[in-house]
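Asks: With the sequence up front, the predicted model follows.
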Amino acid sequence: MSLSNEEKKVMREMGEDELGGKLRECLNDKKYLVAMDDVWSIEAWSSLCFHLTESMNGSKVLMTTRNKEIAAQANPHEVVGHTDSQALVYELRIMDDDESWELFLKKTFGARDSTSVCLSKALEELGRKIVAKCKGLPLAIVVLGGLLSTKEKTEPSWERMLAEDSEIKASKLIHLWIAEGFVQRRGKEKLEDIAEDYLYETDPQKHGSGGWKEGKWKSDVLSHT
């Protein structure tokens, strides 16, 4: 289902109960697949389940999360009457330290391998701290490497990337996502508009911190990538 910008604006202004009612109305008597990407809390999952229609027609819910506890607690058949005997959990393999470091150097310096990059001991230590905070997630490493590729390769510059409450221009983050191919086309919508939706959906303000400020994205960059 594709929504116009005006429809999106209206939906963003709706309360949870009103949105839930719209969801039930849309899914009623239909076989559906609902995808929830990067779920931050079990409350978000429970809120969705409360508004889903009970269905025995093979409807499914697909959820991604970086929190194992949320994956373990999400038990859809108990909440919305799914016929599955259990919720299936598929754990993606994360990159190890060496793979993460190689990807970071490739995105930050355009290097083919780590042997072609010569860093000072201090800068390498900072770089490895940045990579460690990405916890083996390729998307986080790619985004941060792309950001650092546009900055000075100095200790102060990289130290700022490690700091809490870092700020990134929203337009810069959007263009980076598009350039890396993270934004998937959706009908006739502009990629920039789709990317803005991504930013809205991952707004840290929903989780108690950060958010938009004068056209910038303010958050712990490493945690919310």
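Replies: Nice, thanks for sending it over. Remember, predicted model here, so these are calculated numbers, not experimental data. Numbering: from 1, shown residues only.

Asks: Find the centremost residue of this protein, please.
Replies: The chain has residue 38 as the residue nearest its centroid, 5.4 Å off, counting by C-alpha atoms, centre = their mean.

Asks: Now do that residue, the pLDDT please.
Replies: Looking at residue 38, its pLDDT is 75.

Asks: Distance of the residue nearest to it when sequence neighbours are not counted relative to residue 32?
Replies: Once flanking residues are discounted, residue 38 sits nearest to residue 64: 5.9 Å by C-beta to C-beta, 6 or more residues apart in numbering. Where you see a C-beta, it was placed from the backbone N, CA and C, and this is true even at glycine. Distance, residue 64 to residue 32, using C-beta to C-beta, to the nearest Å: 17 Å.

Asks: quick one, which of those two is more surrounded?
Replies: residue 32 (16 against 13; other C-beta atoms under 10 Å).

Asks: where's that one relative to residue 140, distance?
Replies: For residue 32, the distance to residue 140 - C-beta to C-beta - is 30 Å.

Asks: Same check on residue 163?
Replies: Residue 163 sits at a distance of 16 Å from residue 140 (criterion: C-beta to C-beta).

Asks: which one of the two has more residues nearby?
Replies: Counted by other C-beta under 10 Å, residue 163 and residue 140 do not tie: residue 140 has more neighbours, with 22 against 10.

Asks: Surely residue 42 and residue 70 touch.
Replies: Yes. Here residue 42 reaches residue 70: they are 5.3 Å apart, a contact under C-beta atoms under 8 Å.

Asks: List the buried residues in stretch 12-23.
Replies: Neighbour-count burial for stretch 12-23 flags 20, 23 (criterion: 16 or more other C-beta atoms under 10 Å).

Asks: What's the mean pLDDT across it?
Replies: pLDDT averaged over stretch 12-23 gives 80.

Asks: Same check on stretch 42-53?
Replies: Across stretch 42-53, pLDDT averages out at 77.

Asks: swap in stretch 101-110?
Replies: For stretch 101-110, the mean per-residue pLDDT is 92.

Asks: buried set for it?
Replies: For stretch 101-110, by 16+ other C-beta under 10 Å, it's 101-109.

Asks: How about stretch 65-73?
Replies: 65, 70-71.

Asks: Residues touching stretch 182-199, excluding its own?
Replies: Residues from elsewhere that reach stretch 182-199 (C-beta atoms under 8 Å, 6 or more residues apart in numbering): 2, 5, 8, 139, 170, 173-174, 177-178, 217.

Asks: Just flag the most distant two among those residues.
Replies: Within the contacts of stretch 182-199, two members stand farthest from each other by C-beta to C-beta: 5 and 139, at 26.1 Å.

Asks: any chance of the buried residues of stretch 101-110 in JSON lines, plus distance to residue 57?
Replies: Conversion of the buried residues of stretch 101-110 to JSON lines gives the following (distance: C-beta to C-beta, whole Å):
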{"residue": "101", "distance to residue 57": "47"}
{"residue": "102", "distance to residue 57": "46"}
{"residue": "103", "distance to residue 57": "42"}
{"residue": "104", "distance to residue 57": "46"}
{"residue": "105", "distance to residue 57": "49"}
{"residue": "106", "distance to residue 57": "46"}
{"residue": "107", "distance to residue 57": "44"}
{"residue": "108", "distance to residue 57": "49"}
{"residue": "109", "distance to residue 57": "52"}
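
Asks: Having no further points to raise, I will conclude here.
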